[in-house]
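Peer 1: Just to be clear, the model below is a prediction. Sequence and coordinates:
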Amino acid sequence: MKQCSFYLRDISGFDAVAQSFRETCPQEARAMLVSVFSGWDDEEETSALLRRLSEMLPEAVVFGTTSAGEILSGYLSEQTAILNFVFFDATEVRLHTVDFSVAPPEEGAALLAEQLKSEAAAGIGIFLANNDRQSHGFLSNLHPLPEHAKVFGAIAGSSGPSGSRVFAGARAISQGAVVLSFIGEELRIQLNVSVGWQPLGPSFAITKMDGDNVIRELDGNSPKHIYKKYLTLSPEDIRHENLLFPLCVKRDGHKLMRLPSECTDDGALIIGGDCREGELVRLAYGDPGKILDASYKARLDIMNFAPEAILMLNCVSRRFFLREDANQELRPFPKIAPSVGFYVHGEIIGNRHGGVSLLNMSLVTASFREGAQSEDYAAPIELAPRTQDLNDMMKLVHCLANFVEVTSTEAEMANEQLTTLASIDRLTGLYNRGETETIFRKELLRNRGNDRVLSVIMIDLDDFKSVNDTFGHAVGDRVLRWSARALQENIRRGDAAGRWGGEEFLIILPGARLQDAAEVAERIRTAFEAGHILPDGRSVTGSIGVAQYPERGNIMVFYRNLDQALYRAKEEGKNRVCLVEE
């Protein structure tokens, strides 16, 4: 595998690049991928470049996008075009296009997902022309993707008036996607995501949205109110300082930044990327030192991978935030392997559910290698980022951001301790009644409108009053603590056990049908019966009722069923499990 790249200031330099290419092109390559990352304003000039490439290399896969800055040899350039040639020894590259003007994006995504799955690709590159509703619809329907494929990509950048586009061969697409599939048993791909913006302050629930990129309410308040209260930022300030204080949401194992682009007159927040009602978001702040440190950690990982080529997909917000310090992030990568990339308007990464996530404000690197690590590969020696090399303003921001981080971490740890104390029953270590009720309400909301099921177990220790009367309350407390441990040892991962009151316990079992919950209840009953916990060697048994939340969603019917099941267990002789069907 080999990668080589060239700058072009304008189309007049194409012949010289073509000559250099012929001198470096390995004749034995199985496949050739030609990438064009263009910052040219002139659409006709870009079209001419694509035509000449396709004519010169009819067997090659030619793809590309417009860009908001080009990256080559560790430096940013503007209004250039980068031609990147990758020669594969044992990998096939296929190009797929989806034009939203021809087919609805949702339909095109579903068909493409099936095709990609059948190809059993090792890697999939997804590049979209725009960050808009159609693109979001395409991404949300592009699943399931091949289980072992490394999925990456970007929303095309643009720095000129002609807007963003993606390229497939000699064709430019202004509404749609180009998708690359890399097929080969020898191909190894490693993905790294660097962010650097840090969460700040409390979490807010998104309580109202318009579509997927307009936040109407956070905890019942307008986003304008939140930004004004915590950061003293007006709607006009938000528009100009959005790089400093974006929103942060955790989803599918990724920290997703959401960049506010505008605060409307009525206080709503328009964001880049999507959010969902019910998600928790936090304000975040930009720290140039943390941003450079995140890139440094990614480079260490990439060095251990020993790549033969690196593709860098860097969010344009990082460029604007770091300004003249942007090259500090870029310069070390070519020391590891030939590196090329461009600045984008959104980064794409595969998630653990077989779909994709749209990131903001991130640097995504895709590192490629064919076969095992080369024996003569020598990792470069690299020092950690030196924040003292930042310009004066960035140095000040870094120092203030570090102060904020330390004080926020201390406050967050204190809040976590208070939250734990407020939600845990101190005697048993189980959830207290209030927290158990909260968990139950959340599970009911998750079940609303889908096919999920939910069951609950209620336990009442038999003759517990006589334990206290005979042996004293110290023994009674010991029995309660032992019973709580027995519950935790016999429930499933993901179940929630709480102390409902006195000697009563409640267990919430998400996704469990009635019979599944009954099996868990029987394990608990058996454990109680086998535990000779009392001073005289006797056991403390439990009467157990089990009910499944009814499909028609009537909470009163559910509580009646649960009470009835527990009552039957008591009436029929205790130390037993009783169920009530809906």
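Peer 2: Cool, got the structure.
Peer 1: going forward, measure contacts and count neighbours with C-alpha atoms only.
Peer 2: OK.
Peer 1: Touching, Lys250 and Cys275? I think so.
Peer 2: No: contact between Lys250 and Cys275 fails when scored by Cα atoms under 8 Å: they sit 10.4 Å apart.
Peer 1: hey, which strand is longest across the chain?
Peer 2: In the chain, with assignment by DSSP state E, the single longest strand is strand 198-210.
Peer 1: Partner strands of that strand, with direction?
Peer 2: The pairing partners recorded for strand 198-210 under DSSP bridges are strand 214-218 (antiparallel), strand 280-285 (antiparallel).
Peer 1: Enumerate the positions of the shortest one that are buried.
Peer 2: So that's strand 214-218. 214-218 (16 or more other Cα atoms under 10 Å).
Peer 1: Next, format the strands paired with strand 198-210 as a markdown table and append mean pLDDT.
Peer 2: Shown next, in a markdown table, are the strands paired with strand 198-210 (pLDDT from 0 to 100):
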| stretch | mean pLDDT |
| --- | --- |
| strand 214-218 | 94 |
| strand 280-285 | 90 |
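Peer 1: In a markdown table: those, plus distance to Ile310.
Peer 2: Listed next are the strands paired with strand 198-210 as a markdown table, based on distance: least, Cα to Cα, whole Å:
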| stretch | distance to Ile310 |
| --- | --- |
| strand 214-218 | 35 |
| strand 280-285 | 29 |
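Peer 1: Give the residue spans of the stretch 451-582 of the chain that score low on pLDDT.
Peer 2: Segments of the stretch 451-582 of the chain classed as low confidence (criterion: pLDDT under 70) are 451, 552-553, 582.
Peer 1: can you give me the strands for it?
Peer 2: 454-461, 496-501, 504-510, 542-548, 577-580 (DSSP state E, counting those that start in this stretch).
Peer 1: just so I know, which of these lies nearest Val62?
Peer 2: When the strands of the stretch 451-582 of the chain are compared by Cα to Cα, strand 504-510 sits nearest Val62, at 48.9 Å.
Peer 1: and the direction of the closest one versus that of strand 542-548, what angle?
Peer 2: Inter-element angle recorded for strand 504-510 and strand 542-548: 30 degrees (by axes from the mean of the first three to the mean of the last three Cα atoms, to 10 degrees).
Peer 1: partner strands of strand 504-510, parallel or antiparallel?
Peer 2: For strand 504-510, pairing defined by DSSP bridges yields strand 454-461 (antiparallel), strand 496-501 (antiparallel).
Peer 1: among those, which is the most enclosed?
Peer 2: The highest mean neighbour count among the strands paired with strand 504-510, using mean count of other Cα atoms under 10 Å, belongs to strand 454-461: a mean of 24.
Peer 1: Compile the strands paired with strand 504-510 into a markdown table and extend it with columns for distance to Val36.
Peer 2: Below are the strands paired with strand 504-510 laid out as a markdown table (distance: least, Cα to Cα, whole Å):
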| stretch | distance to Val36 |
| --- | --- |
| strand 454-461 | 52 |
| strand 496-501 | 53 |
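Peer 1: Contact partners for the closest residue to Gln3 other than its chain neighbours?
Peer 2: Excluding its sequence neighbours, the residue lying closest to Gln3 (Cα to Cα, 6 or more residues apart in numbering) is Val86, at 4.4 Å. Val86 makes contact with 1-4, 32-34, according to Cα atoms under 8 Å, 6 or more residues apart in numbering.
Peer 1: Identify all residues paired with Val86 through a beta bridge.
Peer 2: Beta-bridge pairing of Val86 under DSSP bridges involves Gln3, Leu33.
Peer 1: separation between it and Leu292?
Peer 2: 28 Å (Cα to Cα, to the nearest Å).
Peer 1: re the thing from before, out of the strands of the stretch 451-582 of the chain, flag the one nearest Thr66.
Peer 2: Closest among those, once you apply Cα to Cα, is strand 504-510, at 46.7 Å.
Peer 1: send the alpha carbons of that closest one over as CSV?
Peer 2: Extracted in CSV, the C-alpha atoms of strand 504-510 (Å, rounded to 0.1, in the frame of the first residue of the first chain):
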residue,chain,number,x,y,z
GLU,A,504,-40.7,-4.7,51.5
PHE,A,505,-38.6,-4.7,48.4
LEU,A,506,-39.4,-3.9,44.8
ILE,A,507,-37.4,-5.1,41.7
ILE,A,508,-37.9,-3.5,38.3
LEU,A,509,-37.0,-5.8,35.4
PRO,A,510,-36.8,-4.0,32.0
